[in-house]
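>>> Fold the following, please.
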Amino acid sequence: MDMTYYDHGTPAERWERARMFFDAKDYAAAARVLDALVAEVPEQTGPRLLLARSYYHSAQLRRAEAELRTVVERDPVEQYARLMLGRTLERQGRQEEADVQLRIASALAGDFAEI
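Model prediction:
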């Protein structure tokens with residue numbers, strides 16, 4: 001597959017291209033753009049989270065989980081990553097693991113009623 005279109009341009013241009021693909025619900029194309037972008041700027045949370053969301057929506061759940069675990073490892077209080085990780089684990093039938101992440105996400109969001 002020719003990746004030239006997906007890899008073309010500055011990081012900012014590729015970020016915008018990935019967002020357009022994601023907004024158009026072409027999650028696989030968004031993931032192709034974001035995969036290279038995340039490799040280039042691994043310290044940035046935004047592209048990695050969008051890559052995880054792209055994987056999640058295109059049913060690449062193991063890949064989504066890996067990206068989300070990286071975000072949570074780097075930033076344990078990243079509430080949205082915890083929520084996404086919980087949902088990703090749920091979709092994989094791993095409810096017990098999911099519940100832990102979902103409880104943490106709720107606590108980080110300030111929702112202590114369920115704890």
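>>> what about this protein, any weak spots by pLDDT?
1-6, 112-115 (pLDDT under 70).
>>> For the residue most central in space within the chain, which non-adjacent residue is closest in space?
Nearest residue to the geometric centre of the chain (Cα atoms, centre = their mean): A52, 2.1 Å. Nearest non-adjacent residue to A52, counting by Cβ to Cβ, 6 or more residues apart in numbering: E67, 3.9 Å away. C-beta here means a position set from N, CA and C on the backbone, and glycine is covered the same way.
>>> export the helix or strand harbouring that neighbour as CSV, just CAs?
Element membership of E67 [criterion: DSSP states H and E] is helix 61-74. Provided in CSV are the C-alpha atoms of helix 61-74 (Å, rounded to 0.1, in the frame of the first residue of the first chain):
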residue,chain,number,x,y,z
LEU,A,61,-8.9,-3.3,20.4
ARG,A,62,-5.5,-4.7,21.3
ARG,A,63,-3.8,-1.8,19.6
ALA,A,64,-6.1,0.6,21.3
GLU,A,65,-5.4,-1.0,24.6
ALA,A,66,-1.6,-0.7,24.0
GLU,A,67,-1.8,3.0,23.2
LEU,A,68,-4.0,3.7,26.2
ARG,A,69,-1.8,1.9,28.5
THR,A,70,1.1,4.0,27.3
VAL,A,71,-0.8,7.2,28.0
VAL,A,72,-1.9,6.0,31.5
GLU,A,73,1.7,4.9,32.3
ARG,A,74,3.0,8.3,31.4
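>>> wait, what's in contact with the closest residue to L89 other than its chain neighbours?
Among residues not flanking L89 along the chain, A98 sits closest, at 3.7 Å (Cβ to Cβ, 6+ apart). A98 makes contacts with 85-90, as judged by Cβ atoms under 8 Å, 6 or more residues apart in numbering.
>>> now with 10 Å?
85-92 (Cβ atoms under 10 Å, 6 or more residues apart in numbering).
>>> cool, F21 as well?
Counted by Cβ under 10 Å, 6+ apart, F21 has contacts 6, 27-34, 50, 54.
>>> ok, now E96?
L89.
>>> What helix or strand is it located in?
Here E96 is assigned to helix 95-108, by DSSP H and E.
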